[in-house]
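**Student:** For reference, the sequence and a predicted model appear below.
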Amino acid sequence: MPATNAHNGPVAVLGAGAWGTALANIACDHRDTLLWARNKEVASEIQAKHTNRGYLPDVALHASMQATSGLSAALDYACAGTSPGLLILAVPLAGLRSLCELVSEGLAHRTDRISGIIWTCKGLEASSGKLPSQIAQEALGADLNIPSGVLSGPSFAREVAQGLPVALTVASQSAALRSSCINALHGGAVRVYTSDDVVGVEVGGALKNIMAIACGISDGLGLGTNARAALITRGLAEMTRFGEALGARPATFYGLTGLGDLVLTATGELSRNRLVGLEIGRGRSLSDILAGGLTAEGARCAQAVLLRAQSLKVDMPITRAVCEVLFQGISPIGAVTRLLAREATTE
Ligand SMILES: NC(=O)C1=CN([C@@H]2O[C@H](COP(=O)(O)OP(=O)(O)OC[C@H]3O[C@@H](n4cnc5c(N)ncnc54)[C@H](O)[C@@H]3O)[C@@H](O)[C@H]2O)C=CC1
Ligand SMILES: O=C(CO)COP(=O)(O)O
C-alpha cells in the first residue's frame with residue numbers, strides 16, 4: 001500500500017461510474033484510495049473482485065483499491081489519514097448539488113481533515129444555469145471553507161483505465177490544492193496541468209458536449225468532414241464568447257479543457273454526446289436515446305446555456321440549433337438549413 005506522508009493524505013473518490021472508477025484507479029498508484037459507489041453491489045464487486053464490469057468491462061482495477069457504499073464511511077476514510085485527505089466528486093452534474101450537501105453535513109466539525117474537494121462534472125445546472133463551482137459553493141456552504149476546484153480535459157474513461165496516455169487540467173484558486181491533485185494523479189501515462197481559471201475550465205467542459213452533439217448530428221446526416229471542421233471551429237468561437245461573458249480567459253479555450261476536449265468529444269467514437277447527435281441525425285428521438293440512462297450531459301446543458309446566453313446577450317447559433325432539434329421539433333436538416341442561411345459575417 002502506498003506510504004502516507006505530510007503531503008500525501010488518503011483519496012476518496014465519490015461516484016463509481018466510468019470516470020470515478022478510472023480516476024480512483026490512477027490515484028491508487030500514488031496514495032491510499034477508496035471509491036464510494038452508491039450502489040451496494042457495485043461497491044461489493046470492486047472490493048471483492050477488483051472489477052466494475054457495469055462501467056469498465058474488461059478492466060482489472062488496482063488490487064489496493066478499497067470500496068464502500070457508505071458515504072459516511074468514505075468521508076471517515078478521507079479524514080482518517082495522518083495528513084488531510086482529498087475528495088474527488090465524480091458524479092454527473094445532476095447529482096453534484098445533492099452530493100455536496102451530504103458531504104457538507106458529513107464533514108461538519110472536521111474540515112481540517114480535508115485538504116480539498118475536486119469535481120469532474122461537465123455542464124450547467126438545468127434549473128438555474130449555474131456552473132459546478134457555483135453549485136458547489138452554495139451546497140457545501142460558506143462555512144465549510146475547504147479549498148476546491150475542477151478537474152477536466154480530454155479523457156475517455158475507458159482509455160485512461162487501460163493505461164493509455166492522457167493530459168488533464170486541474171483548476172483552482174488554491175495553489176495547495178493544485179499541488180495535491182498533481183501529487184494524487186500525475187505520473188506514468190497521466191499528465192496533470194494546472195490553471196486558476198475555474199470558470200474557463202468549467203465552461204469549456206460544459207459547452208464542448210453541446211458541440212459534440214452538433215457534430216454527431218452533422219455526421220449522422222452524412223454532411224461530410226468539411227461541415228464537421230466548420231462546426232468544431234465555430235463551436236470553439238461560441239464557447240469562447242460565452243466564457244468571456246462569464247469572466248473566463250479566452251486563452252483557456254485553446255487549451256486541453258477547451259479545444260482539446262472539444263476535438264476529442266466531437267470526433268471520438270467513445271463519446272456519449274457525439275453518439276446522441278449521431279442517433280438524432282439518423283432519425284431517432286432524444287427520449288428513446290436517453291431511455292437506457294446514458295450519461296450525455298450536453299442535451300440538458302444546451303437549454304441552460306441558451307437561456308444564460310440570452311440574458312448575457314451572447315449569440316450562440318450552434319447551441320440554438322441543437323436546442324431546436326432536441327426540444328422544438330425542428331428537423332436536423334431544417335436546423336442545418338437555418339444555420340447556413342444566416343447573414344454573412346466576419347470571422
Ligand atoms: N466517462 C468519461 O470518460 C468522463 C466523464 N467525465 C464527467 O464525469 C462525470 C461522471 O461521468 P461518468 O463517470 O462517465 O458517468 P457514469 O454514468 O459512468 O457514472 C455516474 C455515476 O454516478 C452515480 N451517480 C449519479 N447521480 C448520483 C448522485 N446523485 N449521487 C451519487 N451518485 C450518483 C451513478 O450511480 C454512477 O455510478 C460526468 O459529469 C462526466 O461528464 C469527465 C471526464 C471523462
Ligand atoms: O468528457 C468526456 C471526455 O473528456 C466524455 O465525453 P462524453 O460524456 O461525451 O462521453
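**Tutor:** Happy to help now that I have it. Numbers count the residues shown, from 1 in each chain. Ligands and ions are numbered 1, 2, ... in the order given.
**Student:** Show me which residues of this structure sit near ligand 1.
**Tutor:** When proximity is defined as CB under 6 Å from any ligand atom, the chain approaches ligand 1 at 15-20, 38-39, 55, 90-93, 95, 98-99, 120-122, 155-157, 295, 297. Heads up, the C-betas are built off the backbone N, CA and C, glycines and all.
**Student:** Mind checking which of these are in strands?
**Tutor:** Per DSSP state E, strands hold no members of the residues of the chain next to ligand 1.
**Student:** Of those residues, grab the buried ones for PyMOL.
**Tutor:** With 16 or more other CB atoms under 10 Å as the criterion, this PyMOL line picks the buried residues out of the residues of the chain next to ligand 1:
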select buried, resi 15+16+17+18+19+20+55+90+91+92+93+95+99+120+121+122+155+156+157+295+297
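**Student:** Next, the contact list for Ala126, please.
**Tutor:** For Ala126, the contact set (CB atoms under 8 Å, 6 or more residues apart in numbering) comprises 94, 300-301, 303-304.
**Student:** what about it, which SS state?
**Tutor:** When classified by DSSP: H, G, I helix; E, B strand; the rest coil, Ala126 comes out as coil.
**Student:** any idea how far whatever residue of the stretch 51-200 of the chain ends up closest to ligand 1 is from Ser64?
**Tutor:** Closest to ligand 1 within the stretch 51-200 of the chain is Gly95: 2.6 Å, counting by CB to the nearest ligand atom. Computed as CB to CB, to the nearest Å, the Gly95 to Ser64 distance reads 27 Å.
**Student:** for the helix or strand containing Arg338, the distance to its chain's centre please.
**Tutor:** In this assignment (DSSP states H and E), Arg338 forms part of helix 332-340. Put simply, helix 332-340 sits 29 Å off its chain's centre (CA atoms, centre = their mean, to the nearest Å).
**Student:** pLDDT on it, on average?
**Tutor:** Predicted confidence along helix 332-340 averages 96 (mean pLDDT).
**Student:** returning to that earlier point: out of the residues of the chain next to ligand 1, which are close to ligand 2?
**Tutor:** Filtering the residues of the chain next to ligand 1 for proximity to ligand 2 by CB under 6 Å from any ligand atom leaves 122, 155-156.
**Student:** neighbouring contacts of stretch 16-24?
**Tutor:** By CB under 8 Å, 6+ apart, stretch 16-24 touches 11, 13-14, 33-39, 42-43, 46, 52, 55-56, 59, 61-62, 65, 67, 88, 90-92, 120, 151, 155, 157-158, 160-161, 185, 295.
**Student:** Swap in 7 Å and give it another go.
**Tutor:** Residues outside stretch 16-24 that contact it (CB atoms under 7 Å, 6 or more residues apart in numbering) are 13, 33, 35-37, 42, 46, 52, 55-56, 61, 65, 88, 90, 120, 157-158, 160-161, 295.
**Student:** Repeat that for stretch 302-320.
**Tutor:** Applying CB under 7 Å, 6+ apart, the contact partners of stretch 302-320 are 124-126, 129, 207, 210-211, 214, 231, 234-235, 238, 241-242, 245, 322-323, 326-327, 339, 342.
**Student:** Recalculate using a threshold of 8 Å.
**Tutor:** Contact with stretch 302-320 is made by 123-126, 128-129, 206-207, 210-211, 213-214, 231, 234-235, 238, 241-242, 245-246, 322-323, 326-327, 339, 342, as judged by CB under 8 Å, 6+ apart.
**Student:** Among these, which ones are in helices?
**Tutor:** Among the contacts of stretch 302-320, the members found in helices (DSSP state H) are 206-207, 210-211, 213-214, 231, 234-235, 238, 241-242, 245, 322-323, 326-327, 339.
**Student:** And those residues, which of them are buried?
**Tutor:** Using 16+ other CB under 10 Å as the burial test, those include 206-207, 210-211, 213-214, 231, 234-235, 238, 241-242, 322-323, 326, 339 as buried.
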